[in-house]
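1. got a structure for you, letters missing:
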C-alpha cells in the first residue's frame, strides 16, 4: 500500500512539474504575417491537434504578454525552419465552407495543404480543392482524376497513382507534388519539415526491478486462501519507441518485451473443529510480458524529455512450479498430533497462460551525449484482467486474481 501511495505521489508531482515547465518552454522561434503584409518575428506557442488550425498564441519576446490570433486578423504564421500555416477558405469533410489556417506541406507550382486530417491541392493563386475518395463508393477514383487534371503538363507516373488507388497517403502525396514541381520547374519545390523522417524507431536494452504481490482466485492446495508477501525480481528486456515526427512531435508508441523468473512466498491457515491446517507456499513463475503503450512527451527540458504512458500489458506465463509444505495439527485423546507433507508440482498444465493488464507509466529520456541516451521509467500494472470466469471455484484450473506490479526501469538506447 505504501509503495502505491509513493508511486502515486511521485507520478502526480512529476506530472505537475513537467506540465508546468512544459508550459513555460513550449514557445519556439517563429513569425506571423499581418493582414497588411508585415511579418513580425517572435515566439509562437507549440501546440498539436485541431487547435493549430483555429488560432495560435504569439508574443514578441519571452517577457511580453501572450496574445491569441485567429484567421480573421492574421494571414499566416509558422515556426522558424519548421511548419507554416496560411489563412485559406476551404471546404471541410462535412461540406462546410470555412476560413481557417491550413498547414503548407509542399509549396511550388502545385501546393499541398492539410487541414486536420484532410489534404488539399491548389495551383498558385487558385482555390483549395479537397483530395478525397468517395466514401460511398469503394472503387472511386475521383481523387486520382483531380491529381491528373492538375498535372497535365507533367503527368504523374502510373505506378505512383496506383499506390493511392485505395488509400490517400500524406507521405505519397508529398512525393507526387514534389516530383511534379521539380518536373515543371526544376529545384523550385519547397517541402516543409523535409529534414524530419516520417517514422523513427528507438531501440535499446532494459533492466527493471519488479515488485509484485500474487493473489490467486482458484487453485490446488487452497492457493486462493493464501496470503503472499511482496516480492522483488529482476526483469530483462528490450525497448522500442516508434515515433512519427512529421505527424506529431509528442505522440509515439512504446513497446517492451520483458522476461522474468520470479519467486513468491505465501502462507495459509485453516482452522476446523479439531484440526488446523497450515501451508507454506513457494511458487516459481517464468513470465514474458509484452507492454504496448501510447506515449505523450510533456516537454523538452535541456537533456531531459519527460513523458506519460498509458496502455496494456500482455502477461504470458511460460511455466509455473509450486511447492507446498502442509502441516496438519490435530487433537486426538487430548494428545497433540502434527503431520507434515510436502508437495512439489508443476502448474503448467492448469495455470492460466494469458493475463491482460491496464498499465500507466511516467518516465523521462536523458541525453548523455550525441551517441548515448538513457531512459528511466516507473510503470504500474493495474488490477488483473484475466480470461475466464473469476467466480469459478473449480480446482481444475489455477487462476491469478490480482498481480498488481510496479516496474522501475532503466534502458540504454542504441544510436
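-> Cool, the structure landed. These numbers were taken from a predicted model, which means no experiment stands behind them.
2. can I assume residue 192 is in contact with residue 84?
-> Yes: Residue 192 lies in contact with residue 84 (CB atoms under 8 Å); the separation is 5.8 Å. Backbone N, C-alpha and C define where each C-beta goes, glycine included.
3. quick one: buried residues of stretch 206-217?
-> By neighbour count on 16 or more other CB atoms under 10 Å, the buried set for stretch 206-217 is 206, 208, 210, 211, 212, 213, 214, 215, 216, 217.
4. how far out from the middle of the chain is it?
-> 22 Å (CA atoms, centre = their mean, to the nearest Å).
5. count of residues packed around residue 309?
-> 22 (other CB atoms under 10 Å).
6. where does it sit, in terms of helix or strand?
-> Under the criterion of DSSP states H and E, residue 309 resides in strand 304-332.
7. stretch 153-161 spans what distance, first to last residue?
-> This stretch, stretch 153-161, spans 16 Å end to end (CA to CA, to the nearest Å).
8. ok, now which ones touch the closest residue to residue 155 other than its chain neighbours?
-> Of all residues not flanking residue 155 in the chain, residue 148 sits nearest, at 7.0 Å (CB to CB, 6 or more residues apart in numbering). Going by CB atoms under 8 Å, 6 or more residues apart in numbering, residue 148 touches 155, 156, 161.
9. let me know the closest of those residues to residue 134.
-> residue 161 (16.4 Å; CB to CB).
10. all strands of the stretch 151-300 of the chain, in order?
-> Taking DSSP state E, counting those that start in this stretch, the strands of the stretch 151-300 of the chain run over residues 190-191, 200-212, 215-218, 227-228, 231-243, 251-271, 275-297.
11. overlap in contacts of residue 192 and residue 84?
-> Common contacts of residue 192 and residue 84, defined by CB under 8 Å, 6+ apart, comprise 103, 104.
12. domains in this protein, by residue range?
-> 29-191, 200-263+283-318+350-414 (automatic domain parsing).
13. thinking again about what came up before, if you average pLDDT over each of the strands of the stretch 151-300 of the chain, which is lowest?
-> Per-stretch mean pLDDT for the strands of the stretch 151-300 of the chain is lowest at strand 215-218 (a mean of 68).
14. need the pLDDT of the residue in the chain sticking out farthest from the centre.
-> Relative to the centre of the chain, the most outlying C-alpha is that of residue 333, 66.7 Å out, by CA atoms, centre = their mean. pLDDT for residue 333: 73.
15. residue contacts, it?
-> Residue 333 makes no contacts at all, as judged by CB under 8 Å, 6+ apart.
16. now swap in residue 82 and tell me
-> By CB under 8 Å, 6+ apart, the residues touching residue 82 are 28, 30, 192, 193.
17. ok, back up a step: just name the most buried of the domains of the chain.
-> Of the domains of the chain, the one with the most neighbours on average (mean count of other CB atoms under 10 Å) is domain 200-263+283-318+350-414, at a mean of 17.
18. what's the end-to-end length of that one?
-> End-to-end distance for domain 200-263+283-318+350-414, by CA to CA: 13 Å.
19. off-centre distance for that domain?
-> Offset of domain 200-263+283-318+350-414 from its chain centre (CA atoms, centre = their mean): 13 Å.
20. could you do stretch 89-102 as well?
-> Stretch 89-102 sits 30 Å away from the centroid of its parent chain (CA atoms, centre = their mean).
21. can you list contacts of it?
-> Identification of contacts with stretch 89-102 by CB under 8 Å, 6+ apart yields 52-56, 71-72, 76-77, 85-88, 113-118, 120, 127-128, 130, 132.
22. hmm, try it at 7 Å
-> 52-54, 71, 85-88, 113-115, 118, 120, 128, 130 (CB atoms under 7 Å, 6 or more residues apart in numbering).
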